[in-house]
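Enquirer: how does the following fold in three dimensions:
(2 chains, ligands or ions: 2)
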Amino acid sequence: MLRVEHLTKVFPNGTVALKDVTFQVPDGEFLAVIGLSGSGKSTLLRCINRLIEPTSGRIIWNDVDITALSQTEMRNVRRQIGFIFQQFNLVKRSTVITNVLTGRLGYVGTAQSLAHYFSKQDTERALNNLERLGLKEKAYVRADSLSGGQQQRVAIARALMQEPKMILADEPVASLDPVLSHSILKYLELLNKEDQLTVLCSLHFLDLVHRYATHAIALKDGQVVFQGLPQEIDDAQFKAIYGQDAQRVSII
Amino acid sequence: MAQSANSSTTHLTKSPTLAALLSLVIPGAGQLYLGARNVALAIFVASVAFIFLIGFTLDNFRAGKIEIGGVETSWLWLLLVAFWLWNVWDAHQRARGKTTTRLFSLGIPILLIYIIAWQVTDPNFARLVTRFSDVQIIFNALIHPDLLTRDTETQAGATTIWVPCSEPPQTAAPEGNSGLPVGVNKICGTVGDTLVMAGQGFHPNTTGNVYWLEYNGTNEVQIRAAGQPVLITTDADGKFTVSFEIPAFAGREGLDPTAPIAQGIQARFTQEVGPLKPSENFQVLVGSIAQDPAPGWMVSLGLRSPTDTVPRFVPGGIFVTIGLGLMATLISIIVAAPLSFFGARNVMARVRGGVIIYYIARGVFNIVRSIDTLIWAIILVTWTGLGAFTGLLALSIHSIASIAKLYSEEVEHTDPGPVEAVTATGGNLLQNIRFAVIPQIIPSFLAYSLLRWDINMRSATVVGFVSAAGIGFYIVESIRKGGYREYAAALWCIAIVVLIVDYLSAYWREQIVKNENKISTEPPKPFYKTRRGIFYTILFALVFVASWNLAQVDLGKLFEPAPTFVSVLSDFATVDLSIPVWEQITRQLLITIFQALLATTLGALVALPFAFLAAKNITGRSARTRWVYYGTRFILSFLRSIEAILYVSIFVFWVGIGAFAGMLALSITTFGLIGKLFSEAVENIEEGSVEALTATGANRLQSIAFAIVPQIVPPFISYAIYQWDINIRLATIIGLAGGGGIGQLFANYVGQLQYHKAGAVILSIVVIVTLMDLASAKIRERLV
Ligand SMILES: Nc1ncnc2c1ncn2[C@@H]1O[C@H](COP(=O)(O)OP(=O)(O)OP(=O)(O)O)[C@@H](O)[C@H]1O
Ligand SMILES: [Mg+2]
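Expert: Ligands and ions are numbered 1, 2, ... in the order given. Below is the predicted model:
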């Protein structure tokens, strides 16, 4: 169970990105976070694993107050939370397998990892995860030689190396074309259903939300304006979230 | 659009007369009143600078000196007045929303600066012509460097004669024919008599000379006619006849008929025989083979008997230099790579108090970098004494700072995305650096390291000027002895080595950019298990050991500095701030700056036409002109492969010691460097715009004027300013070889053990180089 309570983030330049955000995510849920560009989706997801330090409020995950942890304790929490980025954030010049292995860094000692030493099990696990995402034969090519969709799958494999209990995905498909969007989200759905991982995923397109999410919250100017089942987002809700002039569009 | 209209209306509300008046009293004040703050500041600073410059150079260099009614002053004040008047006019025009022409705002300052630069550098171009015949020795030497020789074989035959004839004349020639059979047609004679000499038995068809041998055979003189040596040529049978006059030399001991002296005449043919072989000088420069007794292990293995010798290569000066360049590069990579993270803002921002460390690191890099390797060498000699090791330290220190700065910038330019991702997986700072930062920066680190190797190689050729090791030292020595053929040989060696390093460095950098993208499905073998890996590891180890030995690395020396070292160091640190010293320094700094300015201008102007000749898209395409392309390229690379300070001695010999010689030396390297940069700018011309203009019906000249010129003028100016920046750095050391300027002053102070003053010189160099660096970067930013 993830509980976010009165979370507020004010950036040093005065921008209020999140204002008193409160919601709950039971384990095993696929939560979609929607909202206009600039509404605070990325900030929210990054606050949850403290890539961004929240200004106030609490984040409680499995009865641990994440906001109160020290940096070293935070490392242990972070390794249980996979993060998937819109821009993939792979190290482009490293090989695919090295990128996947970096998902293991939270578990191995610093000195050992600095020498680029990973155990046999870790390497096998990395290959298995790549196989699961259909990328086994690409293990030893450089990451920048892959297509966008393949790179995002490498990023998912990297997150899986963490053996995460939860996955945070910040617009994982915004840089991909519609067909690839579905293939990536299907993998996330698979992990959600098969491995019982909690997934928090920010999405732009409403029909993707309808298709994959079990719950949804909507942000507007840093505040939660909707919380409920995806089907409950009717036209009135839609206009409240996206503004009066917005049009519903669908992809595929 | 709306904004500019706005600002001009606000100007209209202000009074032109008041603006003009304000500017009359204080230059720039009117502009400030009108809100043009940057212009105001520029005008004010320029005016103050000009007042100082004109006054100072009048006193120190008699710049623009004239006498009016017994008062000495400078006519350059007229230019200041003109500038001042322009500033008043500009304020007036500005208030009415108009602008004034650049002709005055830029023209007057540029004119003034060049006039002063001219007076300060004191060029004497006439000498280049009048003393040309003297310097031909050097050009001859350059064409015939002392690298190769052949064995010579001499055939000679001598006969004898009495000088003068006695009363009555002698009846027989003196005793003493020697060598091959020769004879003359007289038994005796006096100075001026014509002799006919004949001989036989020599090699057919060869040419030789006749020598007059003194009575006791110790002195000799070559026989000349009308200033030229008399030549004798054998026919197909090896016979010759020649006629000449008895030289005045024959009468040196007097022409007393009662005491004639027996003297000799020799026909001598000297021929080069056998194959070309390295000269002695070559062995000093490049190396020689020595025979050592066989080492114990070879004997005990039964490979050699104890009496055998084994050959050993004794490396010459150029190898010491190569070793220094390699070792310094290696040291600086190893030291600078970790240091560079302290100079990277994005990394240090993640550590508490890191930003302060960042500023300190960057500050130190910049200060250390602005002091030239040679000056570091002078300082370090007080620590580790003369020798290759001191040269290595000097090279390394300068190189560490330069390369650390570049590395830091590269670390700052890394993509933050992967760092965020690694943090999200639970990685800490060190793991982040290892997995997210280092993979990103490796290619540019390698490229910078290779570039630095090239630069270090060049610096290593001159560091011997101070540290007394390597080829630089050899050059100092040969010039001191007037051995220009040795000097020329060294220049050739340097050019060849630097050109090779230059090529390798560029080639490997290109390979990095191409970045091999290997597709493999197998896990790659670890580097040390591949055959290539083993080969390179062994090669690296060998090169490392060789360089270590050549550079005479002696870490122990670091811990046993000369007893005076601490006091010297504290003297350096307690900088002398007295006025007379700083007046001296200002004087020399002005020479340095203006010398660099003139050298840049001269070099750039001369390079201008050559840049077109060396541009691939102009001469490199058609087979008919390709030789021009390659020829010009080669000349440019050759000239820039030799450091400016090595050229100084040529010009000191040619036009005399001083700033002018230094300026000419600088302009040679400028020519080489800027010619290359310019030609690249020409190569980057977008042909599309030329085509577009031609399509509109423009003729060739029009398309050059409107499509090509606008494309190359900004990069040309930008490169020229960049070059000025480089030249000021070079000019700080050119004085060490007699090229005038601040380097000379520094060497003098150190020579006189006045380290307080030397410290002051270093401070001034740091300040001026840093300022120029900033200014040049700013101006170039504007241009692009
Ligand atoms: N580092 C920062 N410093 C200051 N303001 C920031 C920073 N990062 C984000 N913001 C601001 O916070 C607000 C929320 O940004 P956020 O990136 O969370 O929005 P988003 O919903 O993810 O938008 P998008 O759909 O465009 O990704 C925006 O107004 C943004 O400008
Ligand atoms: Mg976002």
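
Enquirer: got the domain ranges for the chain?
Expert: Using chain A. Annotated domains of chain A cover A:1-80+A:164-242, A:92-163 [automatic domain parsing].

Enquirer: my question was about chain B
Expert: The record's domain parsing of chain B by automatic domain parsing lists B:2-121, B:151-278, B:317-519+B:528-559, B:565-783.

Enquirer: pick out the shakiest of those domains, pLDDT-wise.
Expert: Ranked by mean pLDDT, the domains of chain B end with domain B:2-121 at the bottom, a mean of 84.

Enquirer: still on that earlier bit, among the domains of chain B, which is nearest ligand 1?
Expert: With Cβ to the nearest ligand atom, the closest approach to ligand 1 among those belongs to domain B:317-519+B:528-559: 11.0 Å. Yep, even glycine has a C-beta here, placed from its N, CA and C like the rest.

Enquirer: up against chain B, what does the stretch 151-252 of chain A have?
Expert: For the stretch 151-252 of chain A, the contact set with chain B under Cβ under 8 Å from any Cβ of the partner chain comprises A:155, A:158-159, A:161-162.

Enquirer: which residues in chain A form helices?
Expert: Taking DSSP state H, the helices of chain A run over residues A:41-48, A:71-78, A:96-101, A:110-114, A:120-132, A:148-161, A:178-194, A:206-212, A:235-242.

Enquirer: who wins for proximity to ligand 1 among the ones you listed?
Expert: Short answer: helix A:41-48, nearest of those by Cβ to the nearest ligand atom, at 3.2 Å.

Enquirer: tell me the buried residues in stretch A:187-204?
Expert: If you call a residue buried by 16 or more other Cβ atoms under 10 Å in any protein chain shown, then stretch A:187-204 has these buried ones: A:187-189, A:191-192, A:197-204.

Enquirer: quick one: contacts of it?
Expert: A:2, A:25-35, A:41-42, A:44-45, A:48, A:82, A:84, A:133, A:153, A:156, A:160, A:164-174, A:185, A:209, A:212-213 (Cβ atoms under 8 Å, 6 or more residues apart in numbering or on different chains).

Enquirer: just the ones of those in strands?
Expert: Among those, DSSP state E puts A:2, A:25, A:30-35, A:82, A:84, A:166-170 in strands.

Enquirer: residue B:369: which element?
Expert: Element membership for residue B:369 (DSSP states H and E) is helix B:354-370.

Enquirer: so which elements touch that helix?
Expert: Applying 3 or more Cβ pairs under 8 Å, 6 or more residues apart in numbering or on different chains; DSSP states H and E, one finds that helix B:354-370 contacts helix B:317-342, helix B:345-348, helix B:388-412, helix B:755-783.

Enquirer: which of these is buried the deepest?
Expert: helix B:388-412 (a mean of 25; mean count of other Cβ atoms under 10 Å in any protein chain shown).

Enquirer: tell me the helices and strands packed up against that one.
Expert: Helix B:388-412 is packed against helix B:317-342, helix B:345-348, helix B:354-370, helix B:373-384, helix B:438-467, with contacts defined by 3+ Cβ pairs under 8 Å, 6+ apart.

Enquirer: now render those helices as a markdown table, adding distance to ligand 1.
Expert: As requested, the helices and strands packed on helix B:388-412 are exported to a markdown table (distance: least, Cβ to the nearest ligand atom, whole Å):
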| stretch | distance to ligand 1 |
| --- | --- |
| helix B:317-342 | 23 |
| helix B:345-348 | 14 |
| helix B:354-370 | 17 |
| helix B:373-384 | 43 |
| helix B:438-467 | 21 |
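
Enquirer: tabulate the ones you listed in TSV, adding columns for distance to residue B:53.
Expert: Shown next, in TSV, are the helices and strands packed on helix B:388-412 (distance: least, Cβ to Cβ, whole Å):
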stretch	distance to residue B:53
helix B:317-342	38
helix B:345-348	38
helix B:354-370	23
helix B:373-384	26
helix B:438-467	31
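
Enquirer: what does the stretch 1-150 of chain A put close to chain B?
Expert: Counting by Cβ under 8 Å from any Cβ, the residues of the stretch 1-150 of chain A lying close to chain B are A:49, A:51, A:75-76, A:78-79, A:81-83, A:85, A:87-94, A:97-98, A:102-107, A:110, A:113-114, A:116, A:137, A:139-142, A:144-145.

Enquirer: of the residues you listed, grab the buried ones for PyMOL.
Expert: Only the buried entries of the residues of the stretch 1-150 of chain A next to chain B go into this PyMOL selection, using 16+ other Cβ under 10 Å:
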select buried, chain A and resi 49+51+75+78+79+81+82+83+85+87+88+89+90+91+92+93+94+97+98+102+103+104+105+106+107+113+139+140+141+142
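
Enquirer: report the contact partners of the closest residue in space to residue B:403 that isn't next to it in sequence.
Expert: Sequence neighbours aside, residue B:336 is the residue nearest to residue B:403 in space, at 4.5 Å (criterion: Cβ to Cβ, 6 or more residues apart in numbering or on different chains). Residues in contact with residue B:336 (Cβ under 8 Å, 6+ apart) are B:399-401, B:403-404, B:407.

Enquirer: ok, which of the helices and strands packed on helix B:388-412 comes nearest residue B:276?
Expert: Of all these, helix B:317-342 sits nearest to residue B:276, with 19.2 Å by Cβ to Cβ.

Enquirer: chain center to that closest one, what's the gap?
Expert: 20 Å (Cα atoms, centre = their mean, to the nearest Å).

Enquirer: next, the angle helix B:388-412 makes with it.
Expert: 40 degrees (axes from the mean of the first three to the mean of the last three Cα atoms, to 10 degrees).

Enquirer: now the angle from the helix or strand bottoming out on mean pLDDT in chain A to strand A:30-35?
Expert: When the helices and strands of chain A are compared on mean pLDDT, DSSP states H and E, helix A:235-242 comes out lowest with a mean of 79. If you take the same axes, to 10 degrees, helix A:235-242 sits at 70 degrees to strand A:30-35.

Enquirer: so which elements touch helix A:235-242?
Expert: With contacts taken as 3+ Cβ pairs under 8 Å, 6+ apart, helix A:235-242 sits against strand A:215-220, strand A:223-228.

Enquirer: one more pass at 7 Å, please.
Expert: Helix A:235-242 makes packing contacts with strand A:223-228 when contacts are defined by 3 or more Cβ pairs under 7 Å, 6 or more residues apart in numbering or on different chains; DSSP states H and E.

Enquirer: mind listing the strands the strand it packs on pairs with, and their directions?
Expert: strand A:215-220 (antiparallel) (DSSP bridges).

Enquirer: using CSV, write down the CA coordinates of the strand it pairs with.
Expert: Taking Å, rounded to 0.1, in the frame of the first residue of the first chain, the C-alpha atoms of strand A:215-220 are listed here in CSV:
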residue,chain,number,x,y,z
HIS,A,215,-7.5,3.3,-11.3
ALA,A,216,-6.7,6.8,-12.3
ILE,A,217,-6.0,10.2,-10.7
ALA,A,218,-5.9,13.5,-12.5
LEU,A,219,-3.8,16.5,-11.7
LYS,A,220,-4.4,20.1,-12.6
